[in-house]
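Asker: Here is a sequence with its predicted model. Questions after.
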Amino acid sequence: MPVFTPPPLPSDDKRWKIVNGTMRKNGFARHALIETLHTVQSSFGYLDDEAIRFVAQSLRVPLSQAYGVVTFYHYFNLKPPGKHTITVCAGTACYIKGAAKLIEAAEGHLGIAQGETTSDGLVSLMTARCVGACSRAPVVLCDGQINGEMTCRHMVEQLERWKAE
Amino acid sequence: MTIEELEQIAKSVKLENEKYDYEVNVCMDLACASQGADQLREELVKAAEASGKKVLIRRTGCMGPCSCGPLVRVDPADTLYQKVCAKDAGEIVSNLGGEPVERLQSNLSDHFGSQVRVVLENAGYIDPEKIDDYIARDGYKALLTVLTEMTPYGVIHRVTESGLRGRGGGGYPTGLKWGTVAKASGDLKYVVCNGDEGDPGAFMDRSVMEGDPHRVIEGMAIAAYAVGASKGFIYVRAEYPVAVSRLTTALREARRRGLLGNGICGTPFNFDVEIRLGAGAFVCGEETALIASIEGRRGTPKPRPPYPAMSGLWGKPTLINNVETFANIPPIVRNGGKWFFNMGSERSKGTKVFALTGKITNTGLVEVPMGIKLRKIIEEIGGGVPGGHTFKAVQTGGPSGGCIPAQMLDIGVSYDALLQMGSIMGSGGMIVMDDTSCMVNVARYFVEFCMTESCGKCIPCRAGTEQMYTLLTRICNGTGTMEDLEMLEELCGTVKEASLCGLGQTAPNPVLSTLKYFRNEYIDHIVHKRCPAGVCNLATREEVTA
């Protein structure tokens, strides 16, 4: 049986070494696919074709299967995120307390739909299934920071602050 | 590590703590942390240093009443302070040993009065990143007792005797499940902890994993011994980064202490645990989908049988339990099965943790004995609906559950009673709704959730939820007809009966339960073109005919 040699790193970018590290830790086993994709996303912010191809080849997973996994799970992004990310939680408690209005207000203010990034690359608007901070509903995450009992006014103020930076 | 060594650690922690005159516990759970608990703790440390008093400042997991956060509890006086800001730190420290700070003191005796803490017994008392804190509160005692004094069969017998049922939602008897995996043949078996808390509006498992991670690990290790497994996985949502980091620390500490790894406690028992991250798929709460995800594939379910107990992870016998189920194991082993069996109602034993949220005064985590009346949870523990509004319904079981109306509130909470009411226990989310919530809209919200979360493998779920969503949208925007309602009901039956896994089989529950108890709201939308709660934007009759 021929010995398998993993493909070379796509570039000198140090982040690839981190990705490779995750795969090595798991003995380049096929079941490490999701773990590795998590590492790619936390290092690069998103998963592009090059990354998916590299991971698939390294783990000897068919490209179609790797792509299938990436698109199946909501957590993986195929597009680079904006400089800032605003995530409106759309869990039940937040929904009951008016998350839909927050999403509408953010969409109106930014002029984009949820899941998109403004054309200047400044803000991405996301929704989350539930971040588990239900007692402070409605919750909005500004660059990962939890803000509870959010109002449309406060959210728009935050968006304005990012714009003014 | 032996029992004596464990006791030695517990003793040294106690000795260390006795050096201090006061303990100030700061809740650092998500809700409190997002309101400045971190800064508060820093200020408390500074104030304590400046005062010269011997104060131990400890960060802890969730204390429960999140709406009153940030929370601080001062021991030994057992004073609970609520809504504490960083600037209050000086006053709290200077009043130690004297009268408590009155303006910050909480009055939550009603809230805590009827709660019984088993799973949450350590919440608010230990630093989740310190294994010694856990050991000092009888941690890992159960594991060592099991390893040195009990047979695997004895452990399963004790769990069976306790009457514990799976806390993930289904309520399958835990002892029975363990017995099946133990009997399955194979030299390699796995134990999996399901920490993919997908129900929106529920956060009990997050709090347990973040506030008391060793309890889950101990429960898993006991289970592994009982069923003969040597390898464990904790499957955690990637949306819970703190839980992941706490569990990682806990696993490292447990290995360092020899409580995980090879030859645990000088016995031939080997067991280690790995963390696997979920990636945001609700369907992965289903056993077979979760297994597929751990194996690095798309999380699509498989028809059962074969059950994971016979053929699970990589085809090996696999025991899958929820976080809260594992968290119940150490106290059951310590106190005996009968102790647990004597709590709760006839067919639902022990306690249950609920995440109380929505339109209710005291939001947060509560742990109550099974069989407690819903009214007690909502009116007494939860403090009722705020703002002069009236209670309309409580939603349990997330997207697989249903809405329970006011007239059913005097029924005791148990797996069977909730099922009879058209809802399910679920993992423990309890979302209270008042007169400003439209039940048709809520049903539509859950169906939309199931529609986007449907994995697409079987047609009844993939296509059925989409059609249900279309019909509900029509009703919500005022273009629905009575025929639509009829078709919706028929469709609910089809999706329920024909779907492959739990997601599809239970997806119609929110619709069916709201139809059962709030049919008049559907009729109002369809016939009178009005939304009683004023949530939906309905087209007027003229617009519809035009």
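Answerer: Perfect, thanks for sending it.

Asker: Please identify the buried residues of stretch B:284-297?
Answerer: By neighbour count with 16 or more other Cβ atoms under 10 Å in any protein chain shown, stretch B:284-297 contains the buried residues B:284-297. (Glycine included, C-beta is placed from N, CA and C.)

Asker: Please read the previous query as pertaining to stretch A:135-152.
Answerer: Buried residues in stretch A:135-152 (16+ other Cβ under 10 Å): A:135-142, A:146-148, A:150, A:152.

Asker: Nearest to the middle of chain B, which residue? Look it up for me.
Answerer: residue B:204 (2.8 Å; Cα atoms, centre = their mean).

Asker: per-residue confidence for that one?
Answerer: Per-residue pLDDT puts residue B:204 at 95.

Asker: now residue B:544
Answerer: pLDDT, residue B:544: 55.

Asker: related to what we said a few turns ago, so of the buried residues of stretch A:135-152, which ones are in strands?
Answerer: A:140, A:141, A:142, A:146, A:147 (DSSP state E).

Asker: circling back: kindly reformat the buried residues of stretch A:135-152 as a markdown table containing pLDDT and distance to chain B.
Answerer: What follows is the buried residues of stretch A:135-152, written out as a markdown table (pLDDT from 0 to 100; distance: Cβ to the nearest Cβ, whole Å):
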| residue | pLDDT | distance to chain B |
| --- | --- | --- |
| A:135 | 91 | 3 |
| A:136 | 92 | 5 |
| A:137 | 93 | 6 |
| A:138 | 95 | 11 |
| A:139 | 95 | 8 |
| A:140 | 96 | 11 |
| A:141 | 95 | 10 |
| A:142 | 95 | 11 |
| A:146 | 93 | 4 |
| A:147 | 94 | 7 |
| A:148 | 93 | 6 |
| A:150 | 95 | 11 |
| A:152 | 96 | 16 |
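
Asker: what about the closest residue in space to residue B:498 that isn't next to it in sequence, which SS state?
Answerer: Spatial nearest neighbour of residue B:498, chain neighbours left out: residue B:460 (3.9 Å); criterion: Cβ to Cβ, 6 or more residues apart in numbering or on different chains. With DSSP: H, G, I helix; E, B strand; the rest coil as the basis, residue B:460 sits in helix.

Asker: For residue B:460, give me its contacts.
Answerer: By Cβ atoms under 8 Å, 6 or more residues apart in numbering or on different chains, the residues touching residue B:460 are B:494, B:495, B:497, B:498, B:499, B:500, B:504.

Asker: Would you point out the most distant pair within those?
Answerer: B:494 and B:500 (13.2 Å; Cβ to Cβ).

Asker: between the buried residues of stretch A:135-152, which is nearest residue B:156?
Answerer: Distances from residue B:156 to the buried residues of stretch A:135-152, taken by Cβ to Cβ, are shortest for residue A:135, at 36.9 Å.

Asker: So the closest one sits against residue B:354, correct?
Answerer: No: with contacts defined as Cβ atoms under 8 Å, residue A:135 does not count as touching residue B:354, sitting 11.9 Å away.

Asker: Which parts of the stretch 301-450 of chain B are strands?
Answerer: B:318-322, B:351-358, B:364-369, B:391-396, B:402-405, B:429-434 (DSSP state E, counting those that start in this stretch).

Asker: So which of these is nearest residue B:177?
Answerer: From those, taking Cβ to Cβ, the stretch that ends up closest is strand B:318-322, at 6.6 Å.

Asker: The closest one close to chain A?
Answerer: No: figure legend: strand B:318-322 not in contact with chain A (Cβ under 8 Å from any Cβ of the partner chain); closest approach 13.9 Å.

Asker: Starting from that strand, tell me which strands it pairs with and how they run.
Answerer: Strand B:318-322 has the following sheet partners, assigned by DSSP bridges: strand B:190-195 (parallel).

Asker: Show me what secondary structure element comes after the strand it pairs with.
Answerer: Using DSSP states H and E, the helix or strand that directly follows strand B:190-195 along the chain is helix B:204-211.

Asker: Check which helices and strands that next one is in contact with.
Answerer: Packing contacts for helix B:204-211, counted by 3 or more Cβ pairs under 8 Å, 6 or more residues apart in numbering or on different chains; DSSP states H and E, involve helix B:213-227, helix B:241-256, helix B:323-335, strand B:351-358.
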